[in-house]
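Enquirer: fold the following for me, if possible:
(2 chains)
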Amino acid sequence: QKEVEQNSGPLSVPEGAIASLNCTYSDRGSQSFFWYRQYSGKSPELIMFIYSNGDKEDGRFTAQLNKASQYVSLLIRDSQPSDSATYLCAVNSLNSGYSTLTFGKGTMLLVSP
Amino acid sequence: DTAVSQTPKYLVTQMGNDKSIKCEQNLGHDTMYWYKQDSKKFLKIMFSYNNKELIINETVPNRFSPKSPDKAHLNLHINSLELGDSAVYFCASSQKTRGDTQYFGPGTRLTVL
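Expert: So this is what the prediction gives:
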């Protein structure tokens, strides 16, 4: 059973701080890693994807991947109240030769003004 | 210009009824998916179609039957609805079947009374 683990939170940070969201996965063959943001009552929207070990930056967001440790994280710099949402980590796995995404249960982030 | 659309947005029905949810994407993607998100917000793959062909069928009761009339449409028919079917159902699409980004529709909130 392929698993993706996240701390459910809530993770509470003050406005302007760095929020650090973590995710571990069980399938060593996974090649693609995604972070989605989901506001309450809305659909998941893609924040970032990362394929290679190391860091990938996009604006205030940085994704970090360590395949040896089977660990992926998302850093949000200068957190804003509008960043308050659930962040879903998703990892691709091959299923009968086709790719599927396995999602973690999400970490709720609360950014207080 | 909605990329992935679903109808209806809300569906309230009695146990034992049969209902359908429709999904359409105008992104030109080859692969479409159905996900179920339960009350604990866990997002789980149900089905995946590539160019109208079923490629992934997770452990889903036979009461759920997907149909893809063409690669832009994926519908979900549910027979004999049960209380446990209450959830939000998301349709998604992606360009390729291997590890590519998935884009989600707005979701259909199904409530079975």
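Enquirer: so what's the closest residue to chain B within chain A up against?
Expert: For chain A and chain B, the shortest gap (Cβ to the nearest Cβ) falls at A:S32, measuring 3.6 Å. Where C-beta positions appear, they are placed from N, C-alpha and C, glycine not excepted. Listed by Cβ atoms under 8 Å, 6 or more residues apart in numbering or on different chains, the contact set of A:S32 reads A:49-51, A:91-92, A:99, B:99-100.
Enquirer: now these in a markdown table, with pLDDT?
Expert: Output for the contacts of A:S32, formatted as a markdown table (pLDDT from 0 to 100):
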| residue | pLDDT |
| --- | --- |
| A:F49 | 93 |
| A:I50 | 94 |
| A:Y51 | 91 |
| A:V91 | 93 |
| A:N92 | 88 |
| A:S99 | 73 |
| B:G99 | 61 |
| B:D100 | 76 |
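Enquirer: which among the residues you listed count as buried?
Expert: Among those, those scoring as buried are A:49-50, A:91-92, A:99, B:99-100 (criterion: 16 or more other Cβ atoms under 10 Å in any protein chain shown).
Enquirer: now, which of these sits nearest B:K41?
Expert: Comparing those against B:K41 with Cβ to Cβ places A:V91 closest, at 17.2 Å.
Enquirer: what about the closest one, which SS state?
Expert: Under the three-state scheme (DSSP: H, G, I helix; E, B strand; the rest coil), A:V91 adopts strand.
Enquirer: okay, and which of the buried ones among the contacts of A:S32 map to strands?
Expert: Per DSSP state E, strands hold the following members of the buried ones among the contacts of A:S32: A:49-50, A:91-92, A:99.
Enquirer: in chain A, what helix or strand scores lowest on average pLDDT?
Expert: The helix or strand of chain A with the lowest confidence, counting by mean pLDDT, DSSP states H and E, is strand A:98-103 at a mean of 83.
Enquirer: helices and strands around the next helix or strand after that strand, which ones?
Expert: The helix or strand immediately downstream of strand A:98-103 is strand A:107-112, counting by DSSP states H and E. Here strand A:107-112 touches strand A:11-14, strand A:19-25, strand A:85-95, going by 3 or more Cβ pairs under 8 Å, 6 or more residues apart in numbering or on different chains; DSSP states H and E.
Enquirer: so can I have a markdown table of these showing distance to B:D85?
Expert: Formatted as a markdown table, the helices and strands packed on strand A:107-112 follow (distance: least, Cβ to Cβ, whole Å):
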| stretch | distance to B:D85 |
| --- | --- |
| strand A:11-14 | 32 |
| strand A:19-25 | 29 |
| strand A:85-95 | 22 |
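Enquirer: right, and these - which one's nearest B:N75?
Expert: Taking Cβ to Cβ, strand A:85-95 is the member of these nearest to B:N75, at 21.8 Å.
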